[in-house]
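>>> dropping a prediction and its sequence here:
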Amino acid sequence: MRAMKVLIIGAGLGGLTAAIALRQQGMDVQVHEAAGRLEETGAGLTLGLGAQHVFRALDLQGAVADRACPAGVLPFLHYKNARLLMGDFDTGDGRADDGTADIVRHIYRADLQQVLIAALERLGGRIFTGRKLVDFAESGDRVTAKFASGETATGDFLVGADGVRSAVRAILWPGDQPRFTDHVAYRFLVPMDAARPFMALGRSAIFIGPQRTFNRYTMCNGEVVNCAGLVETKEPVPEGWSIGATQAELAQAFEGWHEDVRGLIGHASNIIKWGLYDRKPLASWSRGRTVLMGDAAHAMLPFLGMGAAMAIEDGYILARALTLESDTDLAIARYEAARQPRTEQVHAASLVQGQVTQAIDPDLFKPASAPMNNMEMMAFNPVIAPL
Ligand SMILES: Cc1cc2nc3c(=O)[nH]c(=O)nc-3n(C[C@H](O)[C@H](O)[C@H](O)COP(=O)(O)OP(=O)(O)OC[C@H]3O[C@@H](n4cnc5c(N)ncnc54)[C@H](O)[C@@H]3O)c2cc1C
């Protein structure tokens, strides 16, 4: 029997994970990516526990952990006086471990993407760059993707893993747009040598204050500090890596904050200003032989650091469903039944986490009200979850 041929649109973390898991099951997989080159963009990511269960199942956890920083604890600190509000101080040195401990890790997005690309190529999966999907059509039991270059690709199944501005979603549900979440993220990296005077409170820290959060942690074997300042705003800001911001704008947004926050901002260069958008949950993620996953299906606010983990979990469960069911309708039904409740819960909890941590007065913050302490949700294991 001919192996099922799956076209995956988007070589992000979700699409690549799905491709690896499908390839390991012997399926014929093609990944089509709009970018002309898979170059180093992005900053740091939080890798939740579910994502790492997936990497263990795919025999990739060692390679991932090798590039990651272990984050045993995530301390939440008062924005002015750095009083510990939740968690514990993170005294780790940020050096990579062997990946066996069941803890959150931080990783540079480009490093993780490189690990996944190398794994897929070893398995013989193909990645086509410069292939921006503009349309697709079904004919009988086949689906054909059309790219801006004029090229086409035909397969048995199409996966829209093309991120928050998904073209696949726009074709399936015209008029459905990403929603601005009234938040902007300022992102920048500081070399550890410059950051060291402002890291006495540990290698990771999340400062919370009125309508703002400042999250900083080390990555790249402890040599770089990833900084993200999240700010509420009513002024819509576009999303992407092309919009810069000045140090003065960022300093003004965090005026009066703890000296470690201001110190890191004092060393900020190449600041990226990224409007945060989410996608509203859909009743269904599929039509015919096409299905959505990752940010295309459920982009969410970053307050739980679970966006990447959700895409990675989706990719693995989709592959499990397509392996269990040769009938694609049944496979999609199993995938949606497993993933929609999970991602809707995390989507809603990410919003609540932001609301409770950015309350007007952090002295009134109650850790018990923070979804991050819902261990059943945070420690979900997609490898053994019922399907
Ligand atoms: C360049 C980039 C950098 C990022 N950096 C960070 C970061 O530093 N920290 C963080 O927390 N999150 C970051 N994110 C978001 C984070 O990676 C995602 O929220 C999460 O991993 C969800 O993954 P995904 O696979 O669903 O989508 P994404 O990771 O967004 O991947 C989607 C992929 O689809 C491609 N694509 C889009 N449209 C088309 C099309 N029409 N045809 C073909 N391909 C298409 C995109 O180029 C991208 O490679 C970044 C996303 C991108 C695209």
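Arrived safely. Residues are numbered from 1 along each chain as shown.

>>> domains of the protein?
5-66+105-177+280-378, 179-278 (automatic domain parsing).

>>> tell me which residues of stretch 190-209 are tucked away?
Residues 190, 192, 195, 198-199, 201-209 are the ones in stretch 190-209 that count as buried (16 or more other Cβ atoms under 10 Å). Using the backbone N, CA and C atoms, a C-beta is placed for each residue, glycine as well.

>>> how many neighbours does Met377 have?
Met377: 17 surrounding residues under other Cβ atoms under 10 Å.

>>> ok, the closest residue to the ligand within the stretch 101-250 of the chain - contacts?
Taking Cβ to the nearest ligand atom as the measure, the stretch 101-250 of the chain has Gly163 as its residue closest to the ligand, at 3.1 Å. Residues in contact with Gly163 (Cβ atoms under 8 Å, 6 or more residues apart in numbering) are 10, 12, 294-296, 299.

>>> related to what we said a few turns ago, could the buried residues of stretch 190-209 go into a markdown table alongside pLDDT?
Output for these, formatted as a markdown table (pLDDT from 0 to 100):
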| residue | pLDDT |
| --- | --- |
| Val190 | 96 |
| Met192 | 95 |
| Ala195 | 97 |
| Phe198 | 97 |
| Met199 | 96 |
| Leu201 | 96 |
| Gly202 | 94 |
| Arg203 | 94 |
| Ser204 | 95 |
| Ala205 | 96 |
| Ile206 | 95 |
| Phe207 | 96 |
| Ile208 | 95 |
| Gly209 | 95 |
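
>>> ok so, going back, can you check my assumption that the residue of the stretch 101-250 of the chain closest to the ligand lies in a strand?
No: counting by DSSP: H, G, I helix; E, B strand; the rest coil, Gly163 is not found in a strand; it is coil.

>>> next, give phi and psi for it.
phi 80, psi -170 (degrees, to the nearest 10).

>>> re earlier: and the ligand, which of the contacts of Gly163 reach it?
10, 12, 294-296 (Cβ under 6 Å from any ligand atom).

>>> those, buried ones only, as a ChimeraX selection?
The ChimeraX selection below is limited to those of these classed as buried (16+ other Cβ under 10 Å):
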select :10,12,294,295,296
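
>>> what about the helices in the protein?
Ranges of helices within the chain are 13-24, 49-57, 61-67, 109-122, 167-172, 192-195, 247-253, 259-266, 295-298, 307-324, 328-357, 375-378, based on DSSP state H.

>>> can you list the residues of the stretch 201-350 of the chain near the ligand?
Near the ligand, when you scan the stretch 201-350 of the chain using Cβ under 6 Å from any ligand atom, you find 294-296, 302, 307-308, 311.

>>> any idea how far the residue in the stretch 151-300 of the chain that the ligand sits nearest to lies from Gly150?
Per Cβ to the nearest ligand atom, Gly294 is where the stretch 151-300 of the chain lies closest to the ligand, at 2.2 Å. Relative to Gly150, Gly294 is positioned 27 Å away (Cβ to Cβ, to the nearest Å).

>>> also Ala228?
Look at Ala228 and Gly150: by Cβ to Cβ, they are 39 Å apart.

>>> contact partners for the residue nearest to the spatial centre of the chain?
For the chain, the residue sitting closest to the mean C-alpha position, by Cα atoms, centre = their mean, is Ala308 at 2.1 Å. Residues in contact with Ala308, defined by Cβ under 8 Å, 6+ apart, are 13, 45-48, 51, 109, 112.

>>> what about Glu249, neighbour count?
13.

>>> state the pLDDT value of it.
Per-residue pLDDT puts Glu249 at 95.

>>> and it, what does it touch?
186, 273.

>>> where's it relative to Glu255, distance?
For Glu249 relative to Glu255 (Cβ to Cβ), the value is 11 Å.

>>> before we move on, what about Ala119?
45 Å.

>>> between those two, who's got more neighbours?
More neighbours surround Ala119 than the other of Ala119 and Glu255, with 22 against 9 (other Cβ under 10 Å).

>>> let me know whether the more buried one touches Val64 as I believe.
No: counting by Cβ atoms under 8 Å, Ala119 does not reach Val64; the two are 9.7 Å apart.

>>> tell me the confidence at Leu16?
Leu16 is given a pLDDT of 98.

>>> that one: neighbour count?
28.

>>> and for Ala71?
By other Cβ under 10 Å, 20 other residues sit near Ala71.

>>> how about it, what does it touch?
Applying Cβ under 8 Å, 6+ apart, we find Ala71 in contact with 46, 90, 92, 103-106, 203-204, 217.

>>> of those, which belong to strands?
46, 104-106, 204, 217 (DSSP state E).

>>> just the buried residues of those.
By neighbour count, with 16+ other Cβ under 10 Å, these hold 46, 104-106, 204, 217 as buried.

>>> quick one on the thing from earlier: and the domains of the chain, which is most packed in?
Of all these, domain 5-66+105-177+280-378 carries the top mean neighbour count, a mean of 20, counting by mean count of other Cβ atoms under 10 Å.

>>> show me the contacts for the closest residue to the residue of the stretch 101-250 of the chain closest to the ligand other than its chain neighbours.
Using Cβ to Cβ, 6 or more residues apart in numbering and skipping the chain neighbours, the partner closest in space to Gly163 is Asp295 (4.8 Å). Shown in contact with Asp295 (Cβ under 8 Å, 6+ apart): 12, 14, 163-164, 166, 279, 307, 311.

>>> related to what we said a few turns ago, the contacts of Ala71: which two are farthest apart?
By the measure Cβ to Cβ, Thr46 and Gly92 form the most distant pair in these, at 14.6 Å.

>>> quick one: contacts of the longest strand anywhere in the chain?
As assigned by DSSP E, the longest strand anywhere in the chain is strand 179-191. Residues from elsewhere that reach strand 179-191 (Cβ under 8 Å, 6+ apart): 43, 223-234, 236-237, 245, 249-250, 253, 264, 267-280, 301-302, 354.
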